[in-house]
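Trainee: the sequence and its predicted three-dimensional model are supplied below.
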Amino acid sequence: MSKDTFPFTTTSLRSLRLEQEHQDWENARRALAQRRAMTRAPLARAPRPPPPPAPGQRRLQEVRAPPPAVHCRDAAVHNTFKCGDMRGVYALLKDPALVNALMETVHEEMVWTPEMGMWTLTSKVKQTSALRLAASRGHAGCVEELLFRGAEVDADPGGSTALHDACVGGHAPCVRLLLSHGAAPDLLAADGSAPLHLSASARALECCVLLLDGGAEVNAPTRESRLTPLHVAARMGTEELVELFLARGADVRARNREGETPLNAACAGAERPAEAGRYLRVVQLLLEAGAEPFTAGRKLHTPLHNACANCSARIAEGLLQRGARADVENCAGYTPMDCLLQVVEDYPEQQPEAIARSLLNHGAKLASPKVLKYCVPSPATLEVLLNSYTIIPPCEWMEALSTDVYKENQSFFDLVRLMSGQPRSLQHLCRTVLRQHLGSGCHSAISRLPVPGTVKDYLLLYSDGTLR
């Protein structure tokens, strides 16, 4: 082998080839730039500076363009502000440009492209700021330092301000600092929410007090859905915030884009049985503040429809006692009783029979025999409905009866099958006539009758495990 040669490995050859390609690309770019420069029209002569003002004449104020924004994608810098590491913050802020720099993160996401008819991996750039990062984690010392060094308090890179982030996390010290430095309490984020909308959790109660004291509008609606803070707090069942907003003048009858009130939102939010108690207290607060239980939205869905769809017995009873109509239909033709029967299978342990009894005692129409099959998981609900008929209808619905439910309630179902199509007792017919005569005032009138409690329970269709 010659002294002027040496062996090339595969890695060396690949490196040389990439270097040659890069050099060719750079030469082509420079040649293109040179051709463009030769064909470009000459620049106009720079304007002469204005003459100095005459004695007694005011000089015009010079307006300079803001410096270009600094972009930072260094994860170590981001983490310094996220963690509130003050030693690292002091070291980073030796560069003044980082105070208001745009902190960018790049995420790879699968996005559907209709033009190509396939999913493609696309880079998504999300922007924030050092002030937003610190406020979202509740690092008050870092927030204070950034504000002292001239951080723009209302800057909203990425669509939100530091005040929005602090309210989402319930960080009251950061909220206090930002407001004291002039943060706008009603500035809307990109999603149309004000800071007060984002504070609708129990841990953010102090944040809401600070915002309201700082001039936030208690009835400010979101941009698109027109939700007020009271709508949001009621939907989340936050009793403390509902009480605060009502005390600060919140409009209990405000309507969102769908025409629904905070009472609608509270009744719709009571989806979990474990949370029924706090939603009941929210509903009581709204009713005491003047909420109308019969107000329907654009789809004619009332709070009672929502309470029945969630099988919330105590909420439904409270609405009915306040004047909610038990026989009103929504735009799909469903009554509250229809909404209840559709979810009996989902809530057999939540006393659906109590809601059915309350609806019938406040003027609800008799349920169609076709829907009795939905009540099979709850024999107590089935008993209430059957005791509202003058004649027990045919038992085709018993085909949906499972073996376990039948064995557990065999005596009741055998009695139903035996009495199907047979005339009821004279006592039951008298009860039916009295109830029809009282109509929607059945519950209040019977409750005032000077008769024993057992008679009242019989007239009001209380269950005893049989048909009488």
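Mentor: Alright, I've got the coordinates. Numbering: from 1, shown residues only.

Trainee: ok, then the element right after the least confident helix or strand in the chain by mean pLDDT?
Mentor: Lowest mean confidence among the helices and strands of the chain (mean pLDDT, DSSP states H and E): helix 10-39, at a mean of 65. For helix 10-39, the succeeding helix or strand toward the C-terminus, using DSSP states H and E, is strand 71-72.

Trainee: given that following strand, what are its sheet partners and their directions?
Mentor: strand 102-113 (parallel) (DSSP bridges).

Trainee: following element in sequence after the strand it pairs with, please.
Mentor: Moving toward the C-terminus from strand 102-113, the next helix or strand (DSSP H and E) is strand 118-129.

Trainee: what's the angle between the helix or strand following that next one and strand 102-113?
Mentor: Next along the chain after strand 118-129, taking DSSP H and E as the criterion, comes helix 130-137. Computed by axes from the mean of the first three to the mean of the last three C-alpha atoms, to 10 degrees, the angle separating helix 130-137 from strand 102-113 equals 80 degrees.

Trainee: what's next to helix 130-137, contact-wise?
Mentor: Helix 130-137 is contacted by residues 78, 81-84, 98-101, 103, 142-143, 146-147, 151-153, 155, 157-158, 160-163, 165-166, 168-169, 171, 174, 178 when judged by C-beta atoms under 8 Å, 6 or more residues apart in numbering. Backbone N, C-alpha and C define where each C-beta goes, glycine included.

Trainee: go with 7 Å
Mentor: 78, 81-82, 84, 98-99, 101, 103, 142-143, 146, 151, 160, 162, 165-166, 169, 171, 174, 178 (C-beta atoms under 7 Å, 6 or more residues apart in numbering).

Trainee: can you give me how far that helix is from the chain middle?
Mentor: 23 Å (C-alpha atoms, centre = their mean, to the nearest Å).

Trainee: average pLDDT for it?
Mentor: For helix 130-137, the mean pLDDT works out to 95.

Trainee: tally of neighbours for residue 255?
Mentor: Look at residue 255: counted by other C-beta atoms under 10 Å, it has 19 neighbours.

Trainee: residue contacts, it?
Mentor: residue 261.

Trainee: now it: which helix or strand?
Mentor: Judged by DSSP H and E, residue 255 forms part of no helix or strand.

Trainee: torsion angles phi and psi at it?
Mentor: phi -110, psi 140 (degrees, to the nearest 10).

Trainee: so what's residue 140 closest to, chain neighbours aside?
Mentor: residue 173 (4.1 Å; C-beta to C-beta, 6 or more residues apart in numbering).

Trainee: can you map out the helices along the stretch 201-350 of the chain?
Mentor: Counting by DSSP state H, counting those that start in this stretch, the stretch 201-350 of the chain has helices at residues 205-213, 229-236, 239-247, 262-269, 276-288, 303-309, 313-321, 336-341.

Trainee: adding mean neighbour count, distance to residue 221 and mean pLDDT, write those helices out as CSV.
Mentor: Formatted as CSV, the helices of the stretch 201-350 of the chain follow (neighbours: other C-beta atoms under 10 Å; distance: least, C-beta to C-beta, whole Å; pLDDT from 0 to 100):
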stretch, mean neighbour count, distance to residue 221, mean pLDDT
helix 205-213, 21, 15, 95
helix 229-236, 27, 9, 95
helix 239-247, 20, 13, 95
helix 262-269, 27, 12, 95
helix 276-288, 20, 18, 95
helix 303-309, 29, 20, 95
helix 313-321, 23, 25, 95
helix 336-341, 26, 28, 94
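
Trainee: in which helix or strand would I find the closest residue to residue 223 other than its chain neighbours?
Mentor: Leaving aside its sequence neighbours, residue 223 sits nearest to residue 192 (C-beta to C-beta, 6+ apart; 2.9 Å). Using DSSP H and E, residue 192 sits within no helix or strand.

Trainee: state the number of residues packed around residue 192.
Mentor: Neighbours around residue 192, by other C-beta under 10 Å: 14.

Trainee: let's have the chain start at 711 instead
Mentor: Okay, residue one is now 711; in that scheme the one you just asked about reads as residue 902.

Trainee: what's the burial count for the spatially closest residue to residue 868 that is not a sequence neighbour?
Mentor: Spatial nearest neighbour of residue 868, excluding adjacent residues (C-beta to C-beta, 6+ apart): residue 837 at 4.3 Å. Per other C-beta under 10 Å, the neighbour tally for residue 837 reads 15.

Trainee: quick one, what contacts residue 1073?
Mentor: 1036-1037, 1149-1150.

Trainee: could I have the buried ones of those residues as ChimeraX selection syntax?
Mentor: Of those, the buried ones go into a single ChimeraX selection, burial set by 16 or more other C-beta atoms under 10 Å:
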select :1036
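
Trainee: filter the contacts of residue 1073 down to the ones in strands?
Mentor: Judged by DSSP state E, the contacts of residue 1073 include no members of strands.
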